[in-house]
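>>> Predicted model, plus sequence, below.
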Amino acid sequence: MAFNSKKTYGERIENFTNIAARELLTLMERKKTNLSLALDVNTKREFLEIADKVGPYICLLKTHIDILVDFDQDFIEQLKKLQNKHDFMIFEDRKFADIGNTVKHQYSKGIYKIAEWANITNAHPLPGDGIVSGLKEVGLPLGRGLLLLAEMSSKGSLATGAYTEAAVEMARRHRDFVIGFIAGRKLVSNENEDFIVMSPGVGLDSSKDGLGQQYRTPRNVILESNSDIIIVGRGIYESGKDVIEEALRYKNAGWNAYLERLMN
Ligand code: 5BU
């Protein structure tokens, strides 16, 4: 049997029971893209305009819902319309970090009601297993999936070594809900278990941003580090060039690196 990094996204569907994970891998295979857009803009208008342009090229739209200055329920309706139009999934990069009972409320209630519209969200393993159990109570019945932050892309991140290993152990204890990791590389190279790895800090034209972000290329992330999804933000929507052309450039770079990985 082949290692999971040598299998196609489609072949890996059977490795997951979680509905969001299965849907995501199916979608990636169908649209031939491992690109996630990190759309960190501050107005509904900008967000929806860019999402409409880039939607055809991505598998996953990553949001920071709390940075929108004019968030309202209409935004969620518009977002869902774009999701149906362009066939992508939604990942709210919420980075939950509290005790189980609190994150349960933060995930399902408040203004944003994240669990209602985000197929995937993420959490720091820092508080211990209770954070996953709390989120799972809300998310699993809705067919949602969770990523654990096992590593971060920023300079000086404390999520390394034993902490990263503990994140993997935590994921193993919650295989039904934890579908993978935010990390810079594949963390588990065992053919019998599979996790989806998503990597932020991806850029073709710069190596850092002046506030600690560190960029690597799609090729480095997908081919050399065996990650599964590249998360790209400013490289696409703040390059000063055409947003669609930039999205296509990253989509092709990510997919070609994946094809090369399969052939190696
Ligand atoms: P950028 O514009 O491509 O630098 O945006 C990166 C996005 O990924 C941004 O939304 C961050 O909040 C997010 N991110 C990250 O950059 N690094 C991490 O380790 C994690 C998330 Br977790």
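Perfect, I can see it now.
>>> Every contact and neighbour count from this point should use C-alpha atoms.
Fine.
>>> what distance separates the longest helix along the chain from the centre of its chain?
Longest helix of the chain, by residue count under DSSP state H: helix 243-263. For helix 243-263, the separation from the chain centroid amounts to 16 Å (computed by CA atoms, centre = their mean, to the nearest Å).
>>> Would you mark the buried spots in it?
243-244, 246-248, 250-258, 261 (16 or more other CA atoms under 10 Å).
>>> same deal with stretch 148-167?
The neighbour-count check on stretch 148-167 (16+ other CA under 10 Å) flags 148-154, 159, 164-167 as buried.
>>> What about the ligand: which of these touch it?
149, 152-154 (CA under 6 Å from any ligand atom).
>>> can you tell me which of these are in strands?
Using DSSP state E, residue 149 are the members of those that sit in strands.
>>> Next up, the contacts around the closest residue to the ligand within the stretch 51-200 of the chain.
Of all residues in the stretch 51-200 of the chain, the one sitting closest to the ligand is residue 152 (3.1 Å; CA to the nearest ligand atom). Shown in contact with residue 152 (CA atoms under 8 Å, 6 or more residues apart in numbering): 159, 182-184, 200.
>>> which outside residues touch the longest helix of the chain?
Residues external to helix 243-263 that are found in contact with it (CA under 8 Å, 6+ apart): 5-8, 32-35, 50, 53-54, 57-58, 218-219, 222-223, 226, 229-230, 232, 235-237, 239.
>>> Quick one: buried ones out of those residues?
5-6, 8, 32-35, 50, 54, 57-58, 218-219, 222-223, 226, 229-230, 232, 235-237.
>>> Tell me which of these fall in helices.
Filtering those for membership in helices, criterion DSSP H, returns 50, 54, 218-219, 235-237.
>>> just to revisit the earlier point, quick check: mean pLDDT of the longest helix of the chain?
Average pLDDT, helix 243-263: 98.
>>> per-residue confidence averaged over stretch 132-147?
pLDDT averaged over stretch 132-147 gives 98.
>>> which parts of stretch 43-61 are buried?
Judged by neighbour count (16+ other CA under 10 Å), stretch 43-61 contains these buried residues: 44, 47-48, 50-52, 54-61.
>>> Do you have the helices of the protein handy? List them.
19-31, 44-54, 73-86, 100-108, 114-117, 130-139, 161-172, 218-219, 234-237, 243-263.
>>> From residue 221, how far out is the spatially most central residue of the chain?
Nearest to the mean C-alpha position of the chain, by CA atoms, centre = their mean, lies residue 198 at 5.1 Å. The spacing between residue 198 and residue 221, counted by CA to CA, to the nearest Å, is 9 Å.
>>> and for those two, which residues touch both?
Joint contacts of residue 198 and residue 221 (CA under 8 Å, 6+ apart) are 184, 227, 230.
>>> what does the chain put close to the ligand?
For the chain, the residues in contact with the ligand (CA under 6 Å from any ligand atom) are 38, 40, 149, 152-154, 182, 200-202, 232-235.
>>> so can I have CSV of those residues showing distance to residue 174?
CSV is the format used below for the residues of the chain next to the ligand (distance: CA to CA, whole Å):
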residue, distance to residue 174
38, 26
40, 30
149, 14
152, 21
153, 24
154, 27
182, 16
200, 23
201, 27
202, 28
232, 28
233, 29
234, 33
235, 34
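>>> Just the CA trace of the longest helix of the chain, in PDB.
What follows is helix 243-263, C-alpha atoms only, in PDB (Å, rounded to 0.1, in the frame of the first residue of the first chain):
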ATOM      1  CA  VAL A 243      -6.400  38.900  -9.100                       C
ATOM      2  CA  ILE A 244      -7.700  36.200 -11.400                       C
ATOM      3  CA  GLU A 245      -4.300  35.800 -13.000                       C
ATOM      4  CA  GLU A 246      -2.600  35.600  -9.700                       C
ATOM      5  CA  ALA A 247      -5.100  33.000  -8.400                       C
ATOM      6  CA  LEU A 248      -4.400  30.900 -11.500                       C
ATOM      7  CA  ARG A 249      -0.700  31.200 -11.000                       C
ATOM      8  CA  TYR A 250      -1.000  29.800  -7.500                       C
ATOM      9  CA  LYS A 251      -3.500  27.200  -8.500                       C
ATOM     10  CA  ASN A 252      -1.200  25.900 -11.200                       C
ATOM     11  CA  ALA A 253       1.900  26.000  -9.000                       C
ATOM     12  CA  GLY A 254       0.100  24.100  -6.300                       C
ATOM     13  CA  TRP A 255      -1.500  21.500  -8.600                       C
ATOM     14  CA  ASN A 256       1.700  20.900 -10.600                       C
ATOM     15  CA  ALA A 257       3.700  20.400  -7.400                       C
ATOM     16  CA  TYR A 258       1.100  17.800  -6.400                       C
ATOM     17  CA  LEU A 259       1.200  16.000  -9.700                       C
ATOM     18  CA  GLU A 260       5.000  15.900  -9.500                       C
ATOM     19  CA  ARG A 261       4.800  14.500  -6.000                       C
ATOM     20  CA  LEU A 262       2.500  11.700  -7.300                       C
ATOM     21  CA  MET A 263       5.000  10.800 -10.000                       C
END
